[in-house]
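# sequence first, then the predicted structure:
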Amino acid sequence: GDSVTQMEGPVTLSEEACLTINCTYTATGYPSLFWYVQYPGEGLQLLLKATKADDKGSNKGFEATYRKETTSFHLEKGSVQVSDSAVYFCALPTGGSNYKLTFGKGTLLTVNP
Amino acid sequence: NAGVTQTPKFRILKIGQSMTLQCTQDMNHNYMYWYRQDPGMGLKLIYYSVGAGITDKGEVPNGYNVSRSTTEDFPLRLELAAPSQTSVYFCASSYPTGGDYGYTFGSGTRLTVV
C-alpha cells in the first residue's frame, strides 16, 4: 500500500544551520504530499503541501519539492531557528482515498542557540 | 475561530473503565478523523467519518467506537480500557473536498490506563 518513509531522528542543529529531513514515498499515481509540524504539547499543523509532481511547497522558510523521479519530498530550510524545534511528519493520502492520510514516524528536530 | 476542540486534555483510567473523548469542530468540515500517537510510531488512524451518520474503521479500530450524529461532533468511545490504549489521541477534520487542503488537528488528549 501507499506509504512514506522518513529519516530517523533525532536531529540536533545549531541556530542558523541548514536543515534537510528526508522523506520518500510509495504510491499509486501522484498523490498530494504534505509536511506537518508538531510543536511541544500541541497538535499537528499543516506546514506545507504539494499537489502534483514538480510542485514546490513553501511556508515559514521551509521548502519541499515533489520529485516523482526519486519519489521524494524532502523538507529543507536554509537557516533554522530555536523556534523551529518540533517534530516533523511527512504524509500522503492512502487507501485509495484523497482524504485519509498516512503519516511517517516523525523526525524530532532540536535547534540549540 | 476555535477550529477543532478536544476534551479532556488529560485523563487517567483504570483497567476496565470506559470513557468518551470529545471532539467538536466549528469549520463545517464534512470529514473527521481520530488518530492515536504512540512514541516513535507516528500516527495511526482509528476511525474516520465522511459526514453525519457515516463512520468507518481505520487502521487500528479494535477497542474503540465512534458516532457522528452531527457535522460538528465526533466522539470516540473507549470500552473496557486496557494498558495498550495508553496514548495521545488526536481528532482532526478536513475540507469537504477532501485531503488536498490538509487537516486541522485538535490539541490532543493524553490518556494513561493503569
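Nice, thanks for sending it over.
# wait, does the helix or strand bottoming out on mean pLDDT in chain B contact chain A?
Least confident helix or strand, chain B: strand B:103-105 with a mean of 91, by mean pLDDT, DSSP states H and E. Yes - counting by C-beta under 8 Å from any C-beta of the partner chain, chain A has neighbours in strand B:103-105: B:103-105. Heads up, the C-betas are built off the backbone N, CA and C, glycines and all.
# a markdown table for the residues you listed, including neighbour count?
Output for these, formatted as a markdown table (neighbours: other C-beta atoms under 10 Å in any protein chain shown):
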| residue | neighbour count |
| --- | --- |
| B:103 | 26 |
| B:104 | 19 |
| B:105 | 23 |
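# distance to residue B:91 added to those residues, as JSON lines?
Below are the residues of strand B:103-105 next to chain A laid out as JSON lines (distance: C-beta to C-beta, whole Å):
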{"residue": "B:103", "distance to residue B:91": "10"}
{"residue": "B:104", "distance to residue B:91": "10"}
{"residue": "B:105", "distance to residue B:91": "7"}
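# nearest to chain A among those residues?
Chain A lies nearest to residue B:105 out of the residues of strand B:103-105 next to chain A, by C-beta to the nearest C-beta, at 3.5 Å.
# show me which residues of chain B are close to chain A?
Residues of chain B lying near chain A by C-beta under 8 Å from any C-beta: B:4, B:31, B:33, B:35, B:40-43, B:45, B:48, B:50, B:58, B:90, B:92, B:94, B:98-100, B:102-108.
# give me the buried subset of those residues.
Among the residues of chain B next to chain A, those buried by neighbour count (16 or more other C-beta atoms under 10 Å in any protein chain shown) are B:4, B:31, B:33, B:35, B:42-43, B:45, B:48, B:50, B:58, B:90, B:92, B:94, B:98-99, B:102-108.
# for chain A, give me the ranges with low pLDDT.
Scanning chain A for pLDDT under 70 picks out the ranges A:96, A:98.
# show me where it has strands.
For chain A, the strands defined by DSSP state E cover A:3-6, A:11-14, A:19-21, A:23-26, A:33-38, A:44-50, A:56-59, A:62-65, A:75-77, A:86-93, A:101-103, A:107-112.
# can you put those strands in TSV and add distance to residue B:72?
Output for these, formatted as TSV (distance: least, C-beta to C-beta, whole Å):
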stretch	distance to residue B:72
strand A:3-6	31
strand A:11-14	38
strand A:19-21	35
strand A:23-26	33
strand A:33-38	23
strand A:44-50	21
strand A:56-59	28
strand A:62-65	32
strand A:75-77	33
strand A:86-93	24
strand A:101-103	21
strand A:107-112	33
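# any chance of those in CSV, with distance to residue B:79 and mean neighbour count too?
Formatted as CSV, these follow (distance: least, C-beta to C-beta, whole Å; neighbours: other C-beta atoms under 10 Å in any protein chain shown):
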stretch, distance to residue B:79, mean neighbour count
strand A:3-6, 30, 19
strand A:11-14, 40, 14
strand A:19-21, 38, 18
strand A:23-26, 35, 19
strand A:33-38, 28, 25
strand A:44-50, 27, 21
strand A:56-59, 40, 15
strand A:62-65, 41, 20
strand A:75-77, 39, 20
strand A:86-93, 29, 24
strand A:101-103, 26, 24
strand A:107-112, 33, 17
